[in-house]
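Student: Got a sequence here, can you build the structure:
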Amino acid sequence: MVLYQLIPSGNGVDLMSALAIGFIEETAKLLIIGYFINSFRVNYIFNGMLIGACVGAGFAVFETSGYTGEFGLVTLFVRSWQAIGTHTIWSAIIGAAIILAKGRHKPVKGKTMVRPKFLRFYLLAILLHAGWDWQAPVPYLAAFDIQKWLIIIAGWIAIFVLIDAGLREVRTLQGQRIIN
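Tutor: Modelled structure (predicted):
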């Protein structure tokens with residue numbers, strides 16, 4: 001909510017407004033994810049992904065509660081199927097990206113956030129979020145929620161790329177003697 005006070009976001013349906021909202025919400029979740037990664041001294045991709053997913057799911061619950069109060073119970077049904085491709089996976093992407101960028105056994109710092117390993121996934125999460133909110137001027141994308149399905153597929157491709165990186169990390173660690 002603090003970021004919404006600082007950054008004008010508009011109505012959320014035009015492209016610039018959707019980008020602003022994506023930036024605001026993904027940055028807010030990034031700060032919380034980074035805090036938990038530092039607090040728990042997390043060093044592995046799957047742990048970062050899990051923390052990110054938890055933060056994203058919690059965010060989605062509060063956001064859905066607000067929308068339900070405003071638009072009624074039908075909101076729960078719509079947002080339930082949409083949950084497979086929104087805040088939870090966008091935040092999981094950010095959590096894994098933080099781990100990729102921060103370096104083993106080092107805390108998350110500001111310089112972590114400017115590394116290309118982090119930025120490409122962070123920007124992807126912002127673009128996925130913006131694409132979700134944006135009402136594209138192409139009418140057939142709204143039919144059958146095609147735009148939403150394309151965003152869900154793109155998000156899951158990113159998740160599978162990060163899962164692959166996590167599995168490679170696990171294989172590497174299995175071949176080493178792990179000392180805490």
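Student: Only C-alpha atoms from now on, for both contacts and neighbour counts.
Tutor: Fine.
Student: Now do Asn43: how many residues are near it, please.
Tutor: The number of residues packed near Asn43 is 20, by other Cα atoms under 10 Å.
Student: Which other helices and strands does the helix or strand of the chain with the lowest mean pLDDT contact?
Tutor: Taking mean pLDDT, DSSP states H and E as the measure, the helix or strand of the chain with the lowest value is helix 2-6, at a mean of 81. Contact partners of helix 2-6 among helices and strands, from 3 or more Cα pairs under 8 Å, 6 or more residues apart in numbering; DSSP states H and E: helix 15-39.
Student: buried set for whichever helix or strand comes after the helix it packs on?
Tutor: For helix 15-39, the succeeding helix or strand toward the C-terminus, using DSSP states H and E, is helix 45-71. The neighbour-count check on helix 45-71 (16 or more other Cα atoms under 10 Å) flags 45-57, 59-60, 64-65, 67-68 as buried.
Student: Give me the phi and psi angles of Phe144.
Tutor: Phi and psi for Phe144, reported as degrees, to the nearest 10, are phi 60, psi 20.
Student: For it, the count of nearby residues, please.
Tutor: Taking other Cα under 10 Å as the neighbour definition, Phe144 ends up with a count of 9.
Student: Distance of it relative to Leu76?
Tutor: Look at Phe144 and Leu76: by Cα to Cα, to the nearest Å, they are 18 Å apart.
Student: Low-confidence regions, the chain specifically.
Tutor: Scanning the chain for pLDDT under 70 picks out the ranges 177-180.
Student: repeat that with 50
Tutor: Filtered on pLDDT under 50, the chain yields no residues whatsoever.
Student: Please name every helix or strand in contact with the longest helix along it.
Tutor: If each helix of the chain is counted by residues according to DSSP state H, the longest one is helix 146-174. Using 3+ Cα pairs under 8 Å, 6+ apart as the contact criterion, the secondary-structure elements in contact with helix 146-174 are helix 45-71, helix 87-102, helix 116-133.
Student: Any chance of JSON lines for those, columns distance to Asn38?
Tutor: Compiled in JSON lines, those are given as follows (distance: least, Cα to Cα, whole Å):
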{"stretch": "helix 45-71", "distance to Asn38": "10"}
{"stretch": "helix 87-102", "distance to Asn38": "10"}
{"stretch": "helix 116-133", "distance to Asn38": "16"}
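Student: what's the closest of the ones you listed to Ile159?
Tutor: Ranking the helices and strands packed on helix 146-174 by distance to Ile159, with Cα to Cα as the measure, places helix 87-102 first at 6.3 Å.
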